[in-house]
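Student: Everything below, folded, please.
(2 chains)
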Amino acid sequence: MSARDEARASGLARIRVALGVTEDDAYRQAAVAERLERHPRGTIPARARKAPEECVALLTDMLTKQGADVSRVATKQDAVGAIASYLGSSGLPPRLRMGADPVLAALPWRDAWDIERRFGRAEPTDKASLSRALVAAAETGTLFLVSGADNPTTLNFLPEAHMVLINASDILGSYEEAWDRLRAVYGEATLPRTVNMISGPSRTADIEQTLVRGAHGPRRLHVLILG
Amino acid sequence: MENSSDTFKTNVAHALADVELQKALQNVKRGFVVKREAAKAKLPEFDKLRDEARAVKDHTLSHLDLYLEAYERKVTESGGVVHFAETAADARAIVLELCRELGAKLVTKGKSMISEEIGLNAHLEASGIEVVETDLGEYIVQIRGETPSHIIAPVIHLNKEDIAQDFRRVHKQFATARKLNQVQDLVAEARAVLREKFLKADIGITGANLLIAETGSSVIVTNEGNGDLTSTLPRAHIVVASIEKVVPTLEDADTILRLLARSGTGQEITTYTTFVTGPRRDSDPDGPVAYHVVLLDNGRSEMLGGVFADMLRCIRCGACLNHCPVYGAIGGHAYGSVYPGPMGAVMTPALVGIDHARDLPHASSFCGRCEQVCPMEIPLPDLMRAWRERDFTRGNPPRRERLLLKAWAFAAKRPRLYHALANRLVPLLAWLARGSGSIGRLPFGKAWTRTRDFPAPEGKTFHTLYAEKERSQRR
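Tutor: Now for the predicted structure:
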């Protein structure tokens, strides 16, 4: 047995001694297996159980309170327009870092011919990035971003300004609904390398409990709700 | 990690006399307490969620061996490696070995109380590895050579002027004439300094607020995003977490996450809550190629079977510190331990032994606010009382204290004697107060009245009043 295996065996043995149980208790094993398989929900707050349009309103409200800028865009053309004007009005160069997300790729970028798009993981010099959130939970204004070539995780943290597009139809009420959406995409009991629940721009209140935005991550979070 | 809990009384005297510390501690009451109350008011299901979160943890702890096995299986499936560590020394050795294998020169760290508990930084530094804390508060604590004074707000004991001085001392690369009088200036400077470290780091080490057995994920909650840069940019990510952090499923994590930030900082949710599962996948353009989890026991399995098992539900939100009148008066450093406040008064004796931390469970008036605000419904006063009992049965209290307690017990067990003594003492104390309701100087209790007044009795004992009332009603 390797040292790692030995440490593992003795670690589990100590716990079993303390609990007064044995390894092969079928009743306990069944209880654990059942919970992992059924993953029962706890109480979902009433505020998360709302009609889709109300969820959009709640998400917007929560994100705004938490320091993000939120705009609703009706069409893909409007989305590109909003991205261009946000870069302009924020004094950022017309350059965007983004991944290979098909929803983002399908935007009418020819309308914003002056925006230079770079693809792949974020570089330290990138000022602005664009991602797509797979799903959102309105209850606390929380966007779910998943890692992968479509939306690399570094886009969420390295640039100063982070833009996130989400389809209005992907805005759900609770975290639980969001996990079920992820399970539908990735399979049961499987997650991508990173799931970032993002609820505002980077902030710190470590010094004298004074709130400052832009601690290590993006100073600005701009959310575009499409549809 | 060094422990100075056995000099608690001296530490307290220093803390109470420290004007700057007293000024800084006012921020705890102004901030966290008010914000938590507001966040709780906005979530009517808060107390119901507390009951459920408690049940989640109790279920998990009673099946801890099996959930850890399930968790490990999923981590392995996703390409990560789990290491069990019985002691702090084992955990340190495992991390150092990993750093050597991976050829690490620079390690960035997300905030982790477990790494404080095992004294990880000093251990890695002794082997020539540069370790940089990246949480703003932890970074400040590190450059000051201190330890955090609060589990979620490491520099709550400092004012911005203190920090500006430290930055001028350490950040020699910037112009000496620069402006550093606003909190924003300090944050911007730390961001610039730490950004370079993030980009150069070979390994990122984070803690975990939760581990998920269902998926093999580790979860961290942060506001700054430092934990994410730590877990994403370097070529390896090491998680150090204690065994009781595991919960069964994503849904169970939801229940606890709904309580964590609201109880701690009073936010509805922290800015970032990140679920990490294994190393980067083949198609991922970023993320570390290696992922290791070090699971620390360090006395926890021993707690599991005994009276202190309830403490293993703790999610380290900090609410008990924020609401504790003792913490509010002396701050975190006086406790002399990694974990201060009520949760620390229960945890520290379990980690270092009651003989080295015997004052901590006594540092409570048992007002009960800690238990009232604990999202996991941990009976902290009961647990502190349990430590006091152990302390007494081990014969630790000094002779004078034991004699006084014995004398009191002698009287308390004899009602007639007790009433006779009380009937004489109460009027005496009332006379000492001279109608003011409090006593400024107590004979034989000068140490007590030096920093506060002793509340005086009204003049009659409860028994006397009760008897009088009975008599008047009968008439």
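
Student: Alpha carbons of stretch B:20-36, as CSV, please.
Tutor: In CSV, the C-alpha atoms belonging to stretch B:20-36 read as follows (Å, rounded to 0.1, in the frame of the first residue of the first chain):
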residue,chain,number,x,y,z
GLU,B,20,-6.6,52.1,17.6
LEU,B,21,-7.9,48.6,17.9
GLN,B,22,-10.9,49.8,19.8
LYS,B,23,-11.6,52.3,17.0
ALA,B,24,-11.3,49.6,14.4
LEU,B,25,-13.6,47.2,16.2
GLN,B,26,-16.5,49.6,16.0
ASN,B,27,-16.7,48.7,12.3
VAL,B,28,-17.9,45.2,13.2
LYS,B,29,-21.0,46.5,14.8
ARG,B,30,-21.6,49.2,12.2
GLY,B,31,-21.2,46.8,9.4
PHE,B,32,-21.8,43.1,9.7
VAL,B,33,-24.5,43.1,12.4
VAL,B,34,-26.8,45.6,10.7
LYS,B,35,-26.3,44.0,7.3
ARG,B,36,-27.0,40.5,8.5
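
Student: Are it and chain A in contact anywhere?
Tutor: Yes. Shown here: stretch B:20-36 in contact with chain A (C-beta under 8 Å from any C-beta of the partner chain) through B:Ala24, B:Asn27, B:Arg30, B:Gly31, B:Phe32. Heads up, the C-betas are built off the backbone N, CA and C, glycines and all.

Student: who touches that stretch?
Tutor: Residues outside stretch B:20-36 that contact it (C-beta atoms under 8 Å, 6 or more residues apart in numbering or on different chains): A:205, A:208-209, B:15-16, B:150, B:153, B:156-159, B:162, B:262-267, B:318-319, B:321-323, B:327-329, B:331, B:373.

Student: Walk me through the domains of chain A.
Tutor: What the record gives for chain A is the domain set A:3-38, A:46-226, from automatic domain parsing.

Student: which among the residues of stretch B:20-36 next to chain A end up buried?
Tutor: Buried members of the residues of stretch B:20-36 next to chain A, scored by 16 or more other C-beta atoms under 10 Å in any protein chain shown, are B:Ala24, B:Asn27, B:Gly31, B:Phe32.

Student: Now the closest residue to chain A within chain B: closest residue in space that isn't a chain neighbour?
Tutor: Scanning chain B for the residue nearest chain A gives B:Gly225, at 2.7 Å (criterion: C-beta to the nearest C-beta). Leaving aside its chain neighbours, B:Gly225 sits nearest to A:Gly217 (2.7 Å; criterion: C-beta to C-beta, 6 or more residues apart in numbering or on different chains).

Student: where does chain A dip in pLDDT?
Tutor: Counting by pLDDT under 70, chain A shows no low-confidence range.

Student: circling back to that earlier point, pick the most deeply packed of the domains of chain A.
Tutor: Highest mean neighbour count of the domains of chain A: domain A:46-226, a mean of 20 (counted as mean count of other C-beta atoms under 10 Å in any protein chain shown).

Student: chain center to that domain: distance?
Tutor: Its chain's C-alpha centre and that of domain A:46-226 lie 7 Å apart, by C-alpha atoms, centre = their mean, to the nearest Å.

Student: Likewise for stretch B:378-392?
Tutor: 17 Å.

Student: Can you tell me how far the residue nearest to B:Gly225 is from B:Ile269?
Tutor: If you measure A:Gly217 against B:Ile269 using C-beta to C-beta, to the nearest Å, the figure is 15 Å.

Student: hmm, back to that, output the domains of chain A as JSON lines; include the columns distance to B:Asp166.
Tutor: What follows is the domains of chain A, written out as JSON lines (distance: least, C-beta to C-beta, whole Å):
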{"stretch": "domain A:3-38", "distance to B:Asp166": "39"}
{"stretch": "domain A:46-226", "distance to B:Asp166": "11"}
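
Student: So A:Glu139 sits against A:Ala46, correct?
Tutor: No. Contact criterion C-beta atoms under 8 Å: A:Glu139 and A:Ala46 do not qualify, at 9.7 Å.

Student: sec struct for the residue in chain A positioned nearest to chain B, please.
Tutor: Proximity of chain A to chain B (C-beta to the nearest C-beta) peaks at A:Gly217, 2.7 Å away. Assigned with DSSP: H, G, I helix; E, B strand; the rest coil, A:Gly217 falls in the coil class.

Student: Quick one: residues contacting it.
Tutor: Residues in contact with A:Gly217 (C-beta under 8 Å, 6+ apart) are A:Asn156, A:Phe157, A:His162, A:Pro201, A:Ser202, B:Glu224, B:Gly225, B:Asn226, B:Asp228, B:Leu229, B:Thr271, B:Tyr272.

Student: hey, where'd the strands end up in chain B?
Tutor: Here chain B has its strands, by DSSP state E, at B:81-85, B:106-109, B:130-133, B:203-206, B:210-212, B:217-222, B:236-242, B:246-247, B:272-276, B:290-296, B:438-439, B:454-455.

Student: Low-confidence ranges, chain B, go.
Tutor: For chain B, the stretches flagged by pLDDT under 70 are B:1-2, B:475.

Student: ok, the residue nearest to A:Leu165 when sequence neighbours are not counted to A:Leu107 distance?
Tutor: Spatial nearest neighbour of A:Leu165, excluding adjacent residues (C-beta to C-beta, 6+ apart): A:Leu224 at 4.6 Å. Separation of A:Leu224 from A:Leu107 (C-beta to C-beta) stands at 10 Å.

Student: Between these two, which contacts overlap?
Tutor: Counting by C-beta under 8 Å, 6+ apart, the shared contacts of A:Leu224 and A:Leu107 are A:Ala79.

Student: Return the closest of the contacts of A:Gly217 with respect to A:Pro94.
Tutor: A:His162 (16.4 Å; C-beta to C-beta).

Student: That closest one: which element?
Tutor: Element membership for A:His162 (DSSP states H and E) is strand A:161-167.

Student: Next SSE downstream of that strand?
Tutor: Moving toward the C-terminus from strand A:161-167, the next helix or strand (DSSP H and E) is strand A:171-172.

Student: so does that following strand get close to chain B?
Tutor: No. Residues of strand A:171-172 are not located near chain B by C-beta under 8 Å from any C-beta, the shortest gap being 12.9 Å.

Student: The helix or strand following that strand to strand B:272-276, inter-axis angle?
Tutor: Next helix or strand after strand A:171-172 toward the C-terminus (DSSP H and E): helix A:175-186. Taking axes from the mean of the first three to the mean of the last three C-alpha atoms, to 10 degrees, helix A:175-186 and strand B:272-276 form an angle of 40 degrees between their directions.

Student: pull the CA atoms of helix A:175-186 into CSV?
Tutor: What follows is helix A:175-186, C-alpha atoms only, in CSV (Å, rounded to 0.1, in the frame of the first residue of the first chain):
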residue,chain,number,x,y,z
TYR,A,175,-30.2,27.7,-8.1
GLU,A,176,-31.9,24.3,-8.1
GLU,A,177,-33.4,25.0,-11.5
ALA,A,178,-30.1,26.1,-12.8
TRP,A,179,-28.4,22.9,-11.6
ASP,A,180,-31.1,20.9,-13.4
ARG,A,181,-30.3,22.8,-16.6
LEU,A,182,-26.6,22.0,-16.1
ARG,A,183,-27.5,18.3,-15.6
ALA,A,184,-29.4,18.3,-18.8
VAL,A,185,-26.3,19.6,-20.7
TYR,A,186,-23.5,17.7,-18.9
